[in-house]
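S.K.: no sequence on this one, just coordinates:
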């Protein structure tokens, strides 16, 4: 069971709604919803019941939260208690999968090339897990979209570049000439997930503001490479946030020329407050 999901459960119990729990945890509401579904899968009895707009915890939920929270807090404290002095020759960066492709070469050029003694360690995860790792000092920096209302006194943040997500389909797809989201209703979609925010959220948001039914997510893939490989061989559609992710499928898939633009979202750099940044603005200038 993922300890972070237990923290989400505790927040839902304390605040009574997914929206307020998301705000308290510094993540998005879909992250809370996904966590609760994953947690519920471990129990035959319900953890939460709906009463109007509120999610009311059952006795089972309260018992699980009461027993699990001290464990979660103890596990979180371990990295801080055993933290060694940072290795000045090693740079540990947590990134989303798209940021790894876009920023990986830039990080290597700025950090490793000037000195043979330096090493770069990159790890990918969703935004919530990455920021949690930053607070636990498992990362020296995190590059990820900023969760809504995320503010932490121990974290310094700055915007890096803006993502312009587009809908992609294989060349020759029956909907390749579609010009609006309306024409895509009923289509099957693939995505990389679960994620706190990003391509799935912007697609859902684009449908929501137009009062259209939510898109059907038929397949969730572990990464963009497998996603695009699948899209290139099927009639699935997908949202791709950056063309750098296309890789070898760039000749097999193409963006749809839709009249509507999907919501933009930014990629941010997060670093611990009180430490001198080792990643200046010039590092990411090519990505902008």
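M.R.: Cool, got the structure. Quick caveat: nothing in here was measured; it's all calculated off a predicted structure.

S.K.: burial count for residue 208?
M.R.: Neighbours of residue 208 under the rule other C-beta atoms under 10 Å: 12. Every C-beta, even on glycine, is put in place using the N, C-alpha and C of the backbone.

S.K.: repeat for residue 230
M.R.: Neighbour count for residue 230, taken as other C-beta under 10 Å: 16.

S.K.: give me the three-state assignment for it.
M.R.: Of the three states, residue 230 takes helix under DSSP: H, G, I helix; E, B strand; the rest coil.

S.K.: please tell me how far it sits from residue 203.
M.R.: Distance, residue 230 to residue 203, using C-beta to C-beta, to the nearest Å: 16 Å.

S.K.: then residue 134?
M.R.: Distance, residue 134 to residue 203, by C-beta to C-beta: 27 Å.

S.K.: now do residue 133 against residue 93, distance only.
M.R.: According to C-beta to C-beta, residue 133 stands 10 Å off from residue 93.

S.K.: shared neighbours of the two, anything?
M.R.: Listed contacts common to residue 133 and residue 93 are 123, 139, 142; contacts here mean C-beta atoms under 8 Å, 6 or more residues apart in numbering.

S.K.: shaky segments in the stretch 1-150 of the chain?
M.R.: For the stretch 1-150 of the chain, the stretches with pLDDT under 70 are 1-2, 69-86.

S.K.: ok, now with 50
M.R.: For the stretch 1-150 of the chain, the stretches with pLDDT under 50 are 1, 81-84.

S.K.: tell me which stretches of this structure form strands.
M.R.: Here the chain has its strands, by DSSP state E, at 48-51, 54-57, 90-95, 119-124, 141-145, 155-163, 166-170, 188-192, 216-221, 238-240, 253-255, 265-272.

S.K.: can I get those strands in CSV including distance to residue 113 and mean neighbour count?
M.R.: Converted to CSV, the strands of the chain look like this (distance: least, C-beta to C-beta, whole Å; neighbours: other C-beta atoms under 10 Å):
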stretch, distance to residue 113, mean neighbour count
strand 48-51, 51, 12
strand 54-57, 51, 18
strand 90-95, 12, 22
strand 119-124, 10, 15
strand 141-145, 18, 26
strand 155-163, 20, 16
strand 166-170, 32, 22
strand 188-192, 30, 21
strand 216-221, 33, 14
strand 238-240, 29, 24
strand 253-255, 33, 17
strand 265-272, 20, 19
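
S.K.: select, out of the ones you listed, the one closest to residue 36.
M.R.: strand 48-51 (6.6 Å; C-beta to C-beta).

S.K.: mind listing residues that contact that closest one?
M.R.: 12, 36, 40, 55, 56, 57, 58, 61.

S.K.: from residue 35, how far off is the residue lying closest to the fifth one once chain neighbours are set aside?
M.R.: The shortest distance from residue 56 to any residue other than its chain neighbours is 5.3 Å, reached at residue 49 (C-beta to C-beta, 6 or more residues apart in numbering). From residue 49 over to residue 35 the distance is 17 Å, taken as C-beta to C-beta.

S.K.: check residue 17 too.
M.R.: Applying C-beta to C-beta, the value for residue 17 to residue 35 is 14 Å.

S.K.: before we move on, what about residue 52?
M.R.: From residue 52 to residue 35 the distance is 22 Å (C-beta to C-beta).
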